[in-house]
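In: Generate coordinates for the sequence data below:
(one chain, ligands or ions: 2)
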Amino acid sequence: MTDKTFYIETFGCQMNAHDSEKVIGTLVHSGYTQVETPESAGLVVYNTCSIRDKAEQKVFHRLDQFKRATGKGKVFAVIGCVAQQEGERIFEKAPHVSLVAGSASYTRLPEMLVQLEAGARRVTGLSLDTEETFDTPFTRRDNPHRAYITIIEGCDKSCAYCVVPFTRGPERSRTSESVMREATELARAGYTDVQLLGQNVNSYHDPSPAGWDFATLLDRVGRIPGIRRVRFTTSHPRDFVKEIIDAIDENPALCNHVHLPVQSGSSRVLGRMQRLYTRDEYMRRIEWMKGARRNIAITTDIIVGFPGETEEDFQATLDLLDQVEYDSLFSFKYSPRPNTAALAMEDKISEEEKTRRIMIVNEKQRAIQIRRNSGLIGTIEEVMVEGRNEALGQWIGRTSQNRTLNFTRPETDGEPLTGKYVPVRVTRAGPNSLVGECVMSVV
Ligand code: 5AD
Ligand code: SF4
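Out: Ligands and ions are numbered 1, 2, ... in the order given. Next comes the predicted model:
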């Protein structure tokens, strides 16, 4: 391959987005230049997600489009979760692909690229058997103010619906020293907002002799000079301990937002899902949050239509939504995934019924959000400015609770505010965002 240009397209969660940042950094370090279209690239990288739906079909469809649109002579690489799941089958279905690699093999990417440059027709990185996490000093970050830091990769749980343990392999935590070093370097480089990432951040266990748990790591990252906001995602209720809430209470740099996926409000369904907690155990964690000194926003994920979910189970989920009053949620229709335990379960729920249930969930949640957001009118929130919406003449801000709060600041409309922290009074509320006006000087 003489043409050392690449194009990358990314699907999926923040872990995948951050993997792409690392892959880009690694490629650039290996002498490649990123270009904006597949047509102009020598190497086309496709970072895939397989969490739901007919992800595999979509990938093959897109690969086919790439081939048609871009013609011959290019190298195609499929990475990420569909790559791990489908493995060498990708070569059969899309013979123009020459590299297939899952996330546990990205440390070997430079080596795989050298093999391709040397004329190898096909290379794979599909082993899940790695102790290593994909730490790279070359990460190319998309945003100049907010940065992701991976603290743990993979997942050792076995939720009956979930493909992640098969696509991302077993849990591997990074050493606390390496996380702290990365966070400190980011702070020095001017990043003020960091997000700790992992499939299950709160099962973090420092493999070094320091032996920090997640709450300790979270607190220490929040104490690095220059770091003003620390978020983390995603948490598993089973491993969610009170110390995390205590850390948030003690340390103002830790955002007052917790995403705690519940999936279902029915203990019977939770059992079938192999979630390892009951509704009551989950609610105890919610009570810790509601009892905290800080006003912690709580968000969640819900799956409707898991095999065997009865009307009564579904009503239990609706009742949970009323009980918790989440600040926001992601709702999904159950979708059967390869290799998972739920695939063989009886009592599948029809597509129509799943649609009916998800619409009811979303409608209920919308009303809850309107109510909760309206309660914020008149309050002053500190936002980090993410950008500007010229059409509306508004700045786009985000609160510590992870709400979008768009605002005006008439006297300084020419001044760049992006990346700054400003106090904003909330004047209007919708279901998904707030509007306000800046009330004081810019910090
Ligand atoms: N079907 C539907 N939703 C799923 N999720 C994970 N696997 C599936 C599946 N097979 C949802 C869960 C999880 C979120 C990231 O995606 O709610 O928390
Ligand atoms: Fe999708 Fe899960 Fe892979 Fe993220 S880890 S890209 S959500 S399948």
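
In: give the contact list for the closest residue to Arg293 other than its chain neighbours.
Out: Nearest non-adjacent residue to Arg293, counting by CB to CB, 6 or more residues apart in numbering: Asp249, 5.0 Å away. (Each C-beta comes from the backbone N, C-alpha and C, glycine too.) Neighbouring residues of Asp249 by CB atoms under 8 Å, 6 or more residues apart in numbering: Ala292, Arg293, Arg294.

In: just checking, Asp249 is part of a strand?
Out: No: counting by DSSP: H, G, I helix; E, B strand; the rest coil, Asp249 falls outside a strand, being helix.

In: start the count at 838, not 1, going forward
Out: OK, 838 is where the count begins now, so the last one is Asp1086.

In: Let me know the distance separating it from ligand 2.
Out: 30 Å (CB to the nearest ligand atom, to the nearest Å).

In: returning to that earlier point: out of the contacts of Asp1086, who's the most crowded?
Out: Within those, neighbour counts (other CB atoms under 10 Å) peak at Arg1131, which reaches 18 neighbours.

In: just checking, that residue touches Glu1087?
Out: No: using CB atoms under 8 Å as the test, Arg1131 is too far from Glu1087 to be in contact (9.6 Å).

In: Spell out which parts of the chain neighbour ligand 2.
Out: When proximity is defined by CB under 6 Å from any ligand atom, the chain lies next to ligand 2 at 849-850, 852-853, 886-888, 917-918, 1000-1001, 1004-1005.

In: give the contact list for Gly1006.
Out: Gly1006 neighbours (CB under 8 Å, 6+ apart): Gly939, Ser940, Ala941, Leu965, Asp966, Thr967, Glu990, Gly991.

In: Ile1140 against Arg1174, yeah?
Out: No: contact criterion CB under 8 Å: Ile1140 and Arg1174 do not qualify, at 11.7 Å.

In: between those two, which one's more packed in?
Out: It is Ile1140, of Ile1140 and Arg1174, that has more neighbours when counted by other CB under 10 Å, with 28 against 21.

In: hang on, that one is in a strand, isn't it?
Out: Yes: residue state for Ile1140 (three-state DSSP) corresponds to a strand.

In: any idea how far the residue in the stretch 838-987 of the chain that ligand 2 sits nearest to lies from Asp901?
Out: Nearest residue of the stretch 838-987 of the chain to ligand 2, counting by CB to the nearest ligand atom: Gly849, 2.8 Å away. Using CB to CB, to the nearest Å, Gly849 is found at 20 Å from Asp901.

In: Can you point out the buried residues in the worst-scoring helix or strand of the chain on mean pLDDT?
Out: Least confident helix or strand of the chain, by mean pLDDT, DSSP states H and E, is helix 892-907 with a mean of 86. Neighbour-count burial for helix 892-907, counted by 16 or more other CB atoms under 10 Å, picks out Ala892, Glu893, Val896, Phe897, Arg899, Leu900, Phe903, Lys904, Thr907.
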